[in-house]
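Participant: Make a model of this:
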Amino acid sequence: MADTGAVKSEDTPFEGGPMDGRVLPVLLGPTGQPPKIYRIPVPDAAGGPPTVLVYRREPRGHSRRLGLQRGWKYAYDPEGGDGRLRWPWSRPDATPGGKPEATDG
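Facilitator: Numbering: from 1, shown residues only. Purely as a prediction, here's the structure:
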């Protein structure tokens, strides 16, 4: 079995929502960047389904002199989108099931 080495992580700050002000180590992907969407499941005290907090990756800031990006931060997304890509030429979902409604004509 090959040695994969140490898994890389980066301390990433969270802004907004219940995680505001916390800094957590987030695993980096093969490109060296954290995931675009970070989901945190929070268990329900009554034993129901867990609540999922959704955070989206944003640039933390830029350096003053060269304008280089300083890293990433996560901002709270209260709507918690599904994370699918939205292409401009794609049709919007017409019904909740995602299939267009049948029309007579």
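
Participant: Just list whatever residues bridge to residue 23.
Facilitator: With DSSP bridges as the criterion, residue 23 is bridged to residue 13.

Participant: Quick check, pLDDT for it.
Facilitator: At residue 23, the model reports a pLDDT of 95.

Participant: Flag the shaky bits of this protein, pLDDT-wise.
Facilitator: By pLDDT under 70, the weakly predicted segments of the chain are 1-5, 81-85, 92-105.

Participant: Could you check how far residue 60 is from residue 48?
Facilitator: Per C-beta to C-beta, to the nearest Å, residue 60 is found 35 Å from residue 48. For every residue, glycine as well, the C-beta is placed using N, CA and C.

Participant: Mind checking which of the two has more residues around it?
Facilitator: Legend: neighbour count by other C-beta atoms under 10 Å for residue 60 and residue 48, higher for residue 60 (14 against 8).

Participant: what about the strands in this structure?
Facilitator: For the chain, strands defined by DSSP state E occupy the ranges 9-15, 23-27, 37-42, 51-59, 72-76.

Participant: Give me the contacts around the first one.
Facilitator: Residues outside strand 9-15 that contact it (C-beta atoms under 8 Å, 6 or more residues apart in numbering) are 20-28, 34, 55, 60, 71-76.

Participant: Check which residues of it are buried.
Facilitator: For strand 9-15, the neighbour count (16 or more other C-beta atoms under 10 Å) marks 12, 13, 14 as buried.

Participant: Now for the residue most central in space within the chain: which residues touch it?
Facilitator: Taking C-alpha atoms, centre = their mean, the centroid of the chain lies closest to residue 37, which sits 1.2 Å from it. Shown in contact with residue 37 (C-beta under 8 Å, 6+ apart): 54, 55, 56, 57, 83.
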